[in-house]
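**Q** all I have is the shape, not the residue letters:
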């Protein structure tokens with residue numbers, strides 16, 4: 001019995017070993033993956049060497065002909081030549097204001113009403129001039145009749161005619177004074193209406209209701225600006241003045257409407273530099289259709305040079321943004337790459353980026369700088 005149990009146990013163990021030995025070993029996933037890139041930094045910290053560079057595709061910097069561009073900021077201001085003061089010829093107290101700062105007004109629109117003692121004085125002068133002119137005219141008619149019958153001398157007639165002419169001049173002057181004050185000589189009133197001399201926007205207001213106005217000797221109640229054209233004032237550093245020329249045009253982009261591009265003509269380059277920041281004021285004249293630009297808005301003005309420059313372009317993914325600077329990894333040989341600082345320009349179609357300085361067309365750079373940088377830091 002003991003011998004039979006021994007042989008049975010031996011048989012079971014043999015069967016288990018036979019079937020267990022037939023199983024295939026499992027594959028190791030790590031053995032199927034490409035070998036990891038081993039990174040070595042040379043003595044120059046900007047040069048990096050890798051054992052498997054084929055894992056990092058390269059891109060060749062292409063050639064790009066760029067027009068030199070100078071981008072500066074500016075502020076929208078009203079055209080002084082198109083800003084007209086509203087003048088009240090009569091001094092007095094303001095009894096009604098029909099407009100306020102920022103309102104759009106039309107030429108001839110009533111802006112304010114002034115109760116003035118100048119009106120009564122002007123009307124008094126007018127009535128006196130009417131009476132004097134009527135009396136002088138009657139005297140001339142009487143002198144002519146007497147001279148025709150030989151009852152008076154020619155010199156007396158001439159003196160009467162001269163007096164009548166002076167009286168007519170005084171009457172015309174008094175009538176014009178009433179007209180300037182906005183009064184009807186047939187319907188006198190103590191109220192003077194002040195109207196808008198042009199159409200535009202009220203850009204300044206110096207009066208309030210019930211305040212007093214001193215006429216020509218006081219401040220102007222309003223200033224109306226025609227904003228169909230505006231000025232853009234830019235500060236240009238003296239080193240960049242070579243790119244700015246009178247009569248040329250610049251592209252204007254509004255911060256409020258970045259997709260809109262307007263054209264502005266360089267109207268003036270002021271001859272005096274700011275002694276503190278060494279900049280010159282450059283004035284652009286820009287059409288303002290639909291009042292799109294508002295006084296005080298910030299804009300970006302782009303001035304273009306006359307000569308084209310040869311620059312490089314690389315894929316945007318080839319640029320590494322690090323510590324507020326831009327870098328690329330340039331291939332130095334089959335397995336080494338050098339970290340190079342560049343100056344980026346504008347973004348081009350096809351997800352390409354202009355490079356102003358740092359590399360030249362024909363250089364090879366790593367196509368995905370971020371992936372390579374992550375590999376280096378591991």
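**A** That came through fine. Keep in mind that what you see is a predicted model, and the values were worked out from it rather than measured.

**Q** from here on, just use CA atoms for contacts and neighbour counts.
**A** OK.

**Q** centroid residue for the chain?
**A** Within the chain, the residue whose C-alpha comes closest to the C-alpha centroid is residue 299; the distance, by Cα atoms, centre = their mean, is 2.6 Å.

**Q** which residues sit against the strand or helix carrying that residue?
**A** Taking DSSP states H and E as the definition, residue 299 sits inside strand 298-304. Contacts with strand 298-304, where a contact means Cα atoms under 8 Å, 6 or more residues apart in numbering, come from 67-76, 234, 243-244, 249-255.

**Q** list the contacts of the nearest residue to residue 358 once chain neighbours are set aside.
**A** Across the structure, with Cα to Cα, 6 or more residues apart in numbering as the measure, the residue nearest residue 358 apart from its sequence neighbours is residue 342 (4.3 Å). With contacts taken as Cα under 8 Å, 6+ apart, residue 342 has the following neighbours: 325, 326, 327, 328, 355, 356, 357, 358, 359.

**Q** closest to residue 118 among the residues you listed?
**A** residue 356 (69.9 Å; Cα to Cα).

**Q** what helix or strand does the closest one sit in?
**A** Residue 356 belongs to strand 352-357, assigned by DSSP H and E.

**Q** how far does the helix or strand following that strand sit from the chain's center?
**A** Remark: after strand 352-357, the chain's next helix or strand is strand 364-366, criterion DSSP H and E. What separates the centre of strand 364-366 from the centre of its chain is 39 Å, taken as Cα atoms, centre = their mean, to the nearest Å.

**Q** packing partners for strand 364-366?
**A** Using 3 or more Cα pairs under 8 Å, 6 or more residues apart in numbering; DSSP states H and E, the elements in contact with strand 364-366 are strand 58-60, strand 325-331.

**Q** tell me what angle the longest one forms with strand 352-357.
**A** To tie it back to what came earlier, the one meant is strand 325-331. Strand 325-331 runs at 90 degrees relative to strand 352-357, counting by axes from the mean of the first three to the mean of the last three Cα atoms, to 10 degrees.

**Q** list the buried residues in strand 325-331.
**A** Buried residues in strand 325-331, defined by neighbour count with 16 or more other Cα atoms under 10 Å: 326, 327, 328, 329, 330, 331.

**Q** now stretch 51-64
**A** If you call a residue buried by 16+ other Cα under 10 Å, then stretch 51-64 has these buried ones: 53, 56, 58, 59, 60, 61, 62, 63.

**Q** can you map out the strands along the stretch 151-300 of the chain?
**A** Applying DSSP state E, counting those that start in this stretch to the stretch 151-300 of the chain gives strands spanning 191-195, 200-205, 212-213, 222-225, 229-237, 249-254, 261-273, 279-287, 298-304.

**Q** lowest-confidence stretch among these?
**A** Mean pLDDT values for the strands of the stretch 151-300 of the chain show the minimum at strand 212-213, a mean of 80.

**Q** what pairs with it, parallel or antiparallel?
**A** Sheet pairing of strand 212-213 (DSSP bridges) gives strand 92-97 (antiparallel).

**Q** helices and strands around the next helix or strand along the chain from the strand it pairs with, which ones?
**A** Stepping forward along the backbone from strand 92-97, the first helix or strand reached (DSSP H and E) is strand 104-105. Applying 3+ Cα pairs under 8 Å, 6+ apart, one finds that strand 104-105 contacts strand 200-205.

**Q** and the strand it packs on, what does it pack against?
**A** Using 3+ Cα pairs under 8 Å, 6+ apart as the contact criterion, the elements in contact with strand 200-205 are strand 104-105, strand 222-225.

**Q** distance between it and the chain's centre?
**A** Going by Cα atoms, centre = their mean, the spacing between the C-alpha centre of strand 200-205 and its chain's C-alpha centre is 20 Å.

**Q** in this protein, what secondary structure element scores lowest on mean pLDDT?
**A** helix 29-32 (a mean of 49; mean pLDDT, DSSP states H and E).

**Q** can you give me the buried ones in stretch 300-316?
**A** 300, 301, 302, 303, 304, 305, 311, 312, 313, 314, 315, 316.

**Q** what's the closest non-adjacent residue to the first one?
**A** If I follow you right, that is residue 300. With Cα to Cα, 6+ apart as the measure, residue 73 is the residue that lies nearest to residue 300, at 4.6 Å, once sequence neighbours are left out.

**Q** contacts only, for residue 112.
**A** For residue 112, the contact set (Cα under 8 Å, 6+ apart) comprises 94, 95, 96, 97, 98, 99, 193, 194, 195.

**Q** can you pick the most crowded of these?
**A** Neighbour count (other Cα atoms under 10 Å) singles out residue 194 as the most crowded of the contacts of residue 112, with 23 neighbours.

**Q** so what are the sheet partners of the strand holding residue 299 and their directions?
**A** Neighbouring strands of strand 298-304 in its sheet, by DSSP bridges, are strand 69-78 (antiparallel), strand 249-254 (antiparallel).
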